[in-house]
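>>> Compute the structure for the input listed below.
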Amino acid sequence: MTRARLEPIAVAAVAAGLGLAVADAGRRAPGFSLAGDSPARVALGIAAGWTVVAAGLALRGGGSRAVGRLLAAGGCAWLAAGLATPGARLGPLFTLGLVAVMLAPAPIGWAMLLEAGDRLHRADRVVVAALWPALGGLLGLLPALAYDPIAAGCAECPTNLLVLADAPATVEGAARAGVRLGLVALGACIALALWRLARASPARRRRAWPILLPGCAYLALAAAQLAHDWGRGHVGNDPTEQALWTAQAVALIGIAAGVALVRAAARRRRSRLARLVVELGATPRPGGLRDALAELLGDPGLELLHRGPDGWIDARGHARVPQPAATTTLVRDGEPVALLCHRPGLLDDARVVAEIERSVRLGLDHERLQAQLQQQLEHLRRSRADVTAASEAERRLLERDLHDGAQQQLAAFTFAVGLARSRAAPELDDPLERAQREAQGALEELRELAHGLYPVALSEAGLAAAVESLADRRPGLRPLRLPAGRFAPTVEETAYFVIAALADRWSPQPVTVAAVRDGQRLVLDVNAAAPAPGDLVAIEDRLGALDGALIIEQPEPGRTRVTAELPCA
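A predicted model of the protein is given here:
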């Protein structure tokens, strides 16, 4: 069995044994302890010790290891203090009771300081350093070294195993110094804990106050007991001290109740996180996890960013720069996987962050992968748009080169042949006529090629004029409705490419074309009395480069309707 599992079992066993020993001592010698002769008070004291030990073990398992161990130690010390009576069966138990008579406030005070701020500052360390020698040394160990119960007249008391000599003066001096130093140290501990709680972030205050307030109440009652003992200089057993001891037991149970409250709140938070993750898994949507966390943590402005290849991205794959506000990094296997941007102080409690990391692990992985996929798709879309723009630029350049170069030269050649024919002898008319006819045919083919590369009407007059010019050269193409306004060049070029490509696929079958502007989109409606064309990858790529869509329908056999949508905002 590992140490991590053996330790809580051992602590629970020790606490159980001490509680049973205290119950036996109270039965054997009632009235000698601070519980008095009341069995109910004895039971209350045992219950207080056991609940604090249980609370410490629960906190230790929930991530606050140091606070949990200190609370468990304080609960055991509280139980052990009940053994400093003649009712203790064995000398070791009696000796343990003498040492621990006022020891419990020391570990509990230390735990309260840690609960208020996770780590100790210089003033906190000074207070802790004063608590242990005052309560455990001057009031416990040193008097035990100089106290012989038999010589003091307690014939029924077990043997004090630590006694070196019977020195009542030493016992009284050490106890008097312990009362004074302990009272000052407890007062300083309470003040520091409350001061740190007041200065803590809202998240830390919500997490700490259910434990810290009853803990400070217990320390205040312990200080009141020492103040009561200030005059006589040692711990007694009068009715006032018994009442204060009873109130301390109630305060200890309050600490355990505070731990239970914190644990229940954490369990509810984890349950809500798990339920939200399940809901998101059933209906995933970009940003859904951010919305769920914002609602759970009560921060509508919360942002959730994911780690991308080149930096932080949001749920839609867009690159983001974290705002200069409070941020919390969510870590997986030592590597940051997400970043929460939130209002200051919201996630100062590392335990809440750990719960979020555990509970939304699958949701984070799913949304992070979706965000990275969206980023890659956006990169692909931009790349396709760049390729399309470069292709159109090359088409325009080739069309201009053909128009200004080869086409002009061929036109001049045709004119020169015609001029030569008019001046040539009759026997040369037929060859020149044939040459002129072939040159004119080549000129028409070159013009058609240039128009196919990039129609001049598209850049000069817009989509409607370009489609009407295309209909003059494509048999069966009939424009029905065309928009009169102009669009962005990339939109007009893509729309013309789609219409021309479909007309070529179905030529010479009758094809009707309609184009209308519907809000922020240009909708092309192409109908043909022909089966659907097979390969439309080139058309889909051109539309996808502008975030467009293509829909193919067959309203009846042998007839096809193609709808293309393009954003035109």
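
>>> Now stretch 166-174: buried residues?
Residues of stretch 166-174 classed as buried: 167, 170-171, 173-174 (neighbour count, 16 or more other C-beta atoms under 10 Å). (C-beta placed from N, C-alpha, C; glycine too.)

>>> Then stretch 31-42?
Buried residues in stretch 31-42 (16+ other C-beta under 10 Å): 32-36, 41-42.

>>> any residues touching that stretch, and which ones?
Stretch 31-42 is contacted from outside by 22-23, 25-27, 30, 44-45, 81-82, 84-87, 237, 241-242, 245-246, 249, using C-beta atoms under 8 Å, 6 or more residues apart in numbering.

>>> if you set the cut-off to 10 Å instead, what comes out?
19, 22-23, 25-27, 29-30, 43-46, 81-88, 97, 101, 154, 156-157, 225, 235-239, 241-246, 248-249 (C-beta atoms under 10 Å, 6 or more residues apart in numbering).

>>> Make a markdown table out of the buried residues of stretch 166-174 and add distance to residue 531.
Formatted as a markdown table, the buried residues of stretch 166-174 follow (distance: C-beta to C-beta, whole Å):
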| residue | distance to residue 531 |
| --- | --- |
| 167 | 113 |
| 170 | 111 |
| 171 | 109 |
| 173 | 110 |
| 174 | 106 |
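
>>> which non-adjacent residue is nearest residue 549?
Nearest non-adjacent residue to residue 549, counting by C-beta to C-beta, 6 or more residues apart in numbering: residue 565, 4.8 Å away.

>>> I'd like the distance between that neighbour and residue 7.
66 Å (C-beta to C-beta, to the nearest Å).

>>> So for the two, which sits in the more crowded spot?
residue 565 (17 against 14; other C-beta atoms under 10 Å).

>>> Adjacent strands (with direction) for the helix or strand encompassing that one?
Per DSSP states H and E: residue 565 is located in strand 559-567. Applying DSSP bridges, strand 559-567 is found paired with strand 521-528 (antiparallel), strand 549-556 (antiparallel).

>>> mind listing what residue 188 touches?
Counted by C-beta under 10 Å, 6+ apart, residue 188 has contacts 109, 123-124, 126-127, 130-131.

>>> What subset of the residues you listed is buried?
Among those, those scoring as buried are 109, 124, 127, 130-131 (criterion: 16+ other C-beta under 10 Å).

>>> follow-up on the earlier one: keep only those of the contacts of stretch 31-42 that are in helices.
Counted as lying in helices by DSSP state H, out of the contacts of stretch 31-42, are 19, 22-23, 25-27, 43-46, 81, 97, 225, 239, 241-246, 248-249.

>>> Dihedrals phi and psi, residue 338?
Backbone torsions for residue 338, taken as degrees, to the nearest 10, come to phi -150, psi 160.

>>> residue ranges with poor pLDDT in the stretch 451-569 of the chain?
451-454, 456-457, 534-535, 569 (pLDDT under 70).

>>> do the same with the stretch 1-150 of the chain
1-4, 60-63, 118.

>>> Domain ranges for this protein, per the record?
Annotated domains of the chain cover 3-267, 285-382, 462-569 [automatic domain parsing].

>>> The closest residue to residue 504 other than its chain neighbours: how many residues sit nearby?
What sits nearest to residue 504 in space, not counting adjacent residues and going by C-beta to C-beta, 6+ apart, is residue 474, at 7.6 Å. Around residue 474 there are 18 other residues, counting by other C-beta under 10 Å.

>>> mind listing what residue 474 touches?
Going by C-beta under 10 Å, 6+ apart, residue 474 touches 467, 499-500, 503-504, 506-508, 511.

>>> Going by secondary structure, residue 184 is in what exactly?
helix 168-199.

>>> So for that helix, mean pLDDT?
The average pLDDT for helix 168-199 rounds to 90.

>>> thinking again about what came up before, would you mind listing the residues in contact with the residue nearest to residue 549?
With C-beta under 10 Å, 6+ apart, residue 565 has these contacts: 518, 521-524, 543, 546-551.

>>> how about 7 Å then?
Applying C-beta atoms under 7 Å, 6 or more residues apart in numbering to residue 565 gives the contacts 521, 523, 548-549.

>>> Just the CA atoms of the helix or strand hosting residue 544, as CSV, please.
In this assignment (DSSP H and E), residue 544 forms part of helix 537-545. Provided in CSV are the C-alpha atoms of helix 537-545 (Å, rounded to 0.1, in the frame of the first residue of the first chain):
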residue,chain,number,x,y,z
VAL,A,537,-14.9,20.4,-58.2
ALA,A,538,-13.6,23.4,-60.0
ILE,A,539,-16.9,25.3,-59.5
GLU,A,540,-17.1,24.3,-55.8
ASP,A,541,-13.5,25.5,-55.3
ARG,A,542,-14.2,28.9,-56.8
LEU,A,543,-17.3,29.3,-54.7
GLY,A,544,-15.5,28.0,-51.6
ALA,A,545,-12.8,30.6,-52.0
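
>>> Show me which positions of stretch 182-198 end up buried.
Buried residues in stretch 182-198 (16+ other C-beta under 10 Å): 182-183, 185-190, 192-193, 196-197.

>>> Just to check, residue 302 is in contact with residue 294?
Yes: between residue 302 and residue 294 there is a contact under C-beta atoms under 7 Å: 4.2 Å.

>>> which neighbours do these two share?
The contact sets of residue 302 and residue 294 do not overlap (C-beta under 7 Å, 6+ apart).

>>> what are the ranges of the strands in the stretch 201-350 of the chain?
303-308, 311-313, 326-332, 335-342 (DSSP state E, counting those that start in this stretch).

>>> so can I have a markdown table of those strands showing mean neighbour count?
Output for the strands of the stretch 201-350 of the chain, formatted as a markdown table (neighbours: other C-beta atoms under 10 Å):
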| stretch | mean neighbour count |
| --- | --- |
| strand 303-308 | 22 |
| strand 311-313 | 17 |
| strand 326-332 | 16 |
| strand 335-342 | 18 |
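
>>> Only C-alpha atoms, please: export stretch 337-350 in CSV.
Extracted C-alpha coordinates of stretch 337-350, given in CSV (Å, rounded to 0.1, in the frame of the first residue of the first chain):
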residue,chain,number,x,y,z
VAL,A,337,-3.8,24.1,-23.6
ALA,A,338,-6.3,27.0,-23.0
LEU,A,339,-6.4,30.4,-21.5
LEU,A,340,-9.3,32.0,-19.5
CYS,A,341,-9.5,35.8,-19.6
HIS,A,342,-11.7,37.0,-16.8
ARG,A,343,-12.3,39.7,-14.3
PRO,A,344,-9.6,40.1,-11.7
GLY,A,345,-9.7,37.8,-8.7
LEU,A,346,-12.3,35.4,-10.2
LEU,A,347,-9.9,32.3,-10.3
ASP,A,348,-7.4,33.1,-7.7
ASP,A,349,-8.2,29.8,-6.0
ALA,A,350,-6.0,27.1,-7.6
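
>>> most neighbours per residue, which of the domains of the chain?
Counting by mean count of other C-beta atoms under 10 Å, domain 3-267 has the highest mean neighbour count of the domains of the chain, with a mean of 20.
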